[in-house]
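Visitor: let's see this in three dimensions:
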Amino acid sequence: METDSSNGRGGAPNNEMSQEEDQKASASPTIDDDDWLIRPCDSYKDEYKDCKSFKSRFHQYFVFGEFQDCNQWKKDSDNCYKWINYQDYKAKHTLIQSESDRRKVRMDAHYNNNVWRNRKEPPKDWNKPLPEWIRQRDEHSYLTAKSQQMKGEESIYMDPTNTYCSIS
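Guide: Just a heads-up that it's a prediction; the model follows:
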């Protein structure tokens, strides 16, 4: 196995990154703005497993007319474990880039929308009171009773002896 000279750890060098990106990726351990993009490693592993499953392959063929490439999930899983186990900053950078690309593809339809106009601000009356019929309908709901309980208000509908469940 070759040694990656940028961070002194084992692993194949990644030729896709420029020298500037390589220096950023091997920088000191700080919390980056994009760290929130990284999912738990088991999530990538599960996505790969699901992508390769018979049911997913059938769905992919039905929807797209061909099987989808699942290798990116495998690469992301490997990079996540490299990051978590060995603090490999190049793997972290690659993983964040992959998540950013995935997010961009998912949001393309939203940003390239030419049917609806996006709002610049919420409607003027966004917080007006609900209509009376909705308030009456939800007055005896479990959510309302739980809300009253959390506020410390007495609710006749949250009787601790009432289980709200009956089995016939």
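Visitor: need the longest helix for this structure.
Guide: helix 89-111 (DSSP state H).
Visitor: going by neighbour count, list what's buried in stretch 77-88.
Guide: Neighbour counts over stretch 77-88 (16 or more other C-beta atoms under 10 Å) mark 77-83, 88 as buried. Heads up, the C-betas are built off the backbone N, CA and C, glycines and all.
Visitor: cool, stretch 91-100 as well?
Guide: Those would be 91-99, for stretch 91-100 by 16+ other C-beta under 10 Å.
Visitor: let me have those residues in JSON lines, extended by distance to residue 121 and pLDDT.
Guide: Listed next are the buried residues of stretch 91-100 as JSON lines, based on distance: C-beta to C-beta, whole Å; pLDDT from 0 to 100:
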{"residue": "91", "distance to residue 121": "41", "pLDDT": "96"}
{"residue": "92", "distance to residue 121": "37", "pLDDT": "95"}
{"residue": "93", "distance to residue 121": "36", "pLDDT": "96"}
{"residue": "94", "distance to residue 121": "38", "pLDDT": "97"}
{"residue": "95", "distance to residue 121": "35", "pLDDT": "96"}
{"residue": "96", "distance to residue 121": "31", "pLDDT": "96"}
{"residue": "97", "distance to residue 121": "33", "pLDDT": "96"}
{"residue": "98", "distance to residue 121": "34", "pLDDT": "96"}
{"residue": "99", "distance to residue 121": "30", "pLDDT": "96"}
